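>>> Mind folding the following:
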Amino acid sequence: MRLNSISLHDFRNHENLELSFTAGTTTIIGRNGRGKTNIVEAVNYLATLGSHRVSQDGPLIRKGLTAATIDAKVSKHNREATVELTINYPGTNRVLLNGNSLPRARDVLGLVSTVIFSPEDLELVKGDPAARRRFLDEFSTLMAPRFAGTRSDYDRTLKQRNALLKSAGRRQLNETARTTLDAWDEQLITNGAALIFSRLENLKKLQPFFEEHGKTISASSEPLQINYLSSWLSTQDLELTEIENNLRDQIRDRHSEEIDRGVTLVGPHRDDLEITLSEMPAKGYASHGQSWSIALAMRLATFSVLRNHDDDPILILDDVFAELDERRRTRLSSAIEGVEQTLITAAVEEDVPTGLLSARLVLEDN
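Here you go, the predicted model:
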C-alpha cells in the first residue's frame, strides 16, 4: 500500500502542513525539533489509532488546543481512499472515510497498514513486559482489525473486575457481589482466551521470520528465539476452548488471593514475550548492538508476515540509521530493498545510506 499525501492541522508542532509522497523511499530530513518524527507518527496513527511515543492523545494536539486532524490519501490494491481523522482530547475521536462518517474510530483500522521502527523499540528488548505485549497486540490488530474490539472488551472487563475486587478488600463477598464477580469472571475468560489465542497464532507466524531477520541483521550464528511467556500456560499449542478452561481453573484457584490483594492476578495482561539469544534471556544478556538487531528483527518479521498476508505495509524508519553502526546500516538497507513505500527520518542525510536518498523532503528551519 502507499501513502499519496497527508495534511496535518494542529498536530504536534504542525499548525498546517501538507506533503505529497511517491512510491519507493522518501527521506524526511530536518534538524531536531522541526517535527520530522511528528509526521511519521501521524502516518502510524492512521494505522494503529495510537502513538509509538506516548500513551495518551493529549500530547499529539498543538499546545492550547483540544483537537488535531490528520487528512490522508492512500492507495491499496489500485484503489484510492481518503481518510480524515480528528483527534479530540478530551473527547471521542472522529473518522471520515471517503467523506462518510464511521460509527467508531476503530472502524478505520485495516485501511492503513504500517510497520514502524524507532529508537523507542529498544524497549522491546530491554523494557517491561507491557512494551512486548503492546507489540504483539498491535501486530494482531494489523492482521485482523476485529482484534481491537477483543482487546477493548478485555480491558473494560478487567477494569470493572479490579474495581469490584478492590472494593471488596479483605471482606467476605456478599451474595450480590459474588454473583457480580462470577459474571465478570466469565467475560474475562471469554475475552481473555480469545486475546491469548490470537496472540499465540500470530506469534507462530512471526517466529520463523524473526529468526531469519535476526541472522540477516546481526550476521551471527547465535540462535534467536521468541516465545509466549505465561505463568499458567503449559504449552503454546492450545485450542481456544482449552485456553478458556485453563484460564477458568486458574481464576477460580486464585479467587481468595485476588480478593485479599484487590487485583486480577491471572490473564493476558500479565503475560510476556520471552526473547532468547543463544538460549539466554536477551534482556540483560544482549549487548547494545545485539539489542538493536533483535528489535529490528521483530519489526522486519511483522513486515514480512503482513506482506505475505495482504500487501506491503508502509515501512517507517524513524531516526534509526543514526543509532546503527555501519555494518547494521548496510544490512538493513539490503533487507528493505523492493518495499513499495518506505519513509525514513534523519537529522542529516549523511546518516542515511546513499541508495536510500532517491527522494528527499527537507524541513527548513523557521
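>>> Report the contact partners of the residue most central in space within the chain.
The centre of the chain sits closest to Glu138, judged by Cα atoms, centre = their mean, with a distance of 3.6 Å. Contact partners of Glu138, counting by Cβ atoms under 8 Å, 6 or more residues apart in numbering, are 48, 50. Any C-beta I mention is one placed from the backbone N, CA and C, and that applies to glycine too.
>>> Confirm that it sits in a strand.
No. Looking at Glu138 with DSSP: H, G, I helix; E, B strand; the rest coil, it is helix, so not inside a strand.
>>> And it, how far from Pro353?
27 Å (Cβ to Cβ, to the nearest Å).
>>> before we move on, what about Arg199?
35 Å.
>>> Looking at those two, which is more packed in?
Between Arg199 and Pro353, counted using other Cβ atoms under 10 Å, the more crowded position is Arg199 (22 against 14).
>>> Is it correct that the more buried one is in contact with Gly267?
No. If you go by Cβ atoms under 8 Å, Arg199 and Gly267 don't touch, sitting 11.9 Å apart.
>>> Now do Ala47: how many residues are near it, please.
24.
>>> wait, what's in contact with it?
109, 112-114, 142, 313-314.
>>> just Thr22 next, same as before
Ala359.
>>> all helices for the stretch 51-200 of the chain, in order.
With DSSP state H, counting those that start in this stretch, the ranges of helices along the stretch 51-200 of the chain come out as 123-126, 129-143, 147-168, 175-218.
>>> How far does the third one sit from its chain's centre?
I take that to be helix 147-168. 21 Å (Cα atoms, centre = their mean, to the nearest Å).
>>> In CSV, could you pull the C-alpha coordinates for it?
Output of helix 147-168 as CSV, limited to C-alpha atoms (Å, rounded to 0.1, in the frame of the first residue of the first chain):
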residue,chain,number,x,y,z
PHE,A,147,-8.8,-7.9,17.5
ALA,A,148,-9.0,-4.2,18.6
GLY,A,149,-12.6,-4.9,19.8
THR,A,150,-11.5,-8.0,21.7
ARG,A,151,-8.7,-6.1,23.4
SER,A,152,-11.1,-3.2,24.2
ASP,A,153,-13.6,-5.6,25.7
TYR,A,154,-11.0,-7.4,27.8
ASP,A,155,-9.6,-4.1,29.1
ARG,A,156,-13.1,-2.9,30.1
THR,A,157,-13.9,-6.2,31.8
LEU,A,158,-10.5,-6.1,33.6
LYS,A,159,-11.1,-2.6,34.9
GLN,A,160,-14.6,-3.4,36.2
ARG,A,161,-13.4,-6.7,37.8
ASN,A,162,-10.5,-4.9,39.5
ALA,A,163,-12.8,-2.2,40.8
LEU,A,164,-15.0,-4.9,42.4
LEU,A,165,-12.1,-6.8,43.9
LYS,A,166,-10.7,-3.6,45.3
SER,A,167,-14.0,-2.5,46.9
ALA,A,168,-14.3,-6.0,48.5
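>>> what's the angle from it to helix 129-143?
With axes from the mean of the first three to the mean of the last three Cα atoms, to 10 degrees defining the directions, helix 147-168 sits at 140 degrees from helix 129-143.
>>> Check which helices and strands helix 147-168 sits against.
When contacts are defined as 3 or more Cβ pairs under 8 Å, 6 or more residues apart in numbering; DSSP states H and E, helix 147-168 packs onto helix 129-143, helix 175-218, helix 255-261.
>>> who are the neighbours in contact with the closest residue to Thr190 other than its chain neighbours?
The spatial neighbour of Thr190 that comes closest, neighbours along the chain excluded (Cβ to Cβ, 6 or more residues apart in numbering), is Glu244 at 7.1 Å. Contact analysis of Glu244 by Cβ under 8 Å, 6+ apart lists 189-190, 193.
>>> quick one: which of those is nearest to Arg94?
For these, the residue nearest Arg94 by Cβ to Cβ is Thr190; the value is 30.0 Å.
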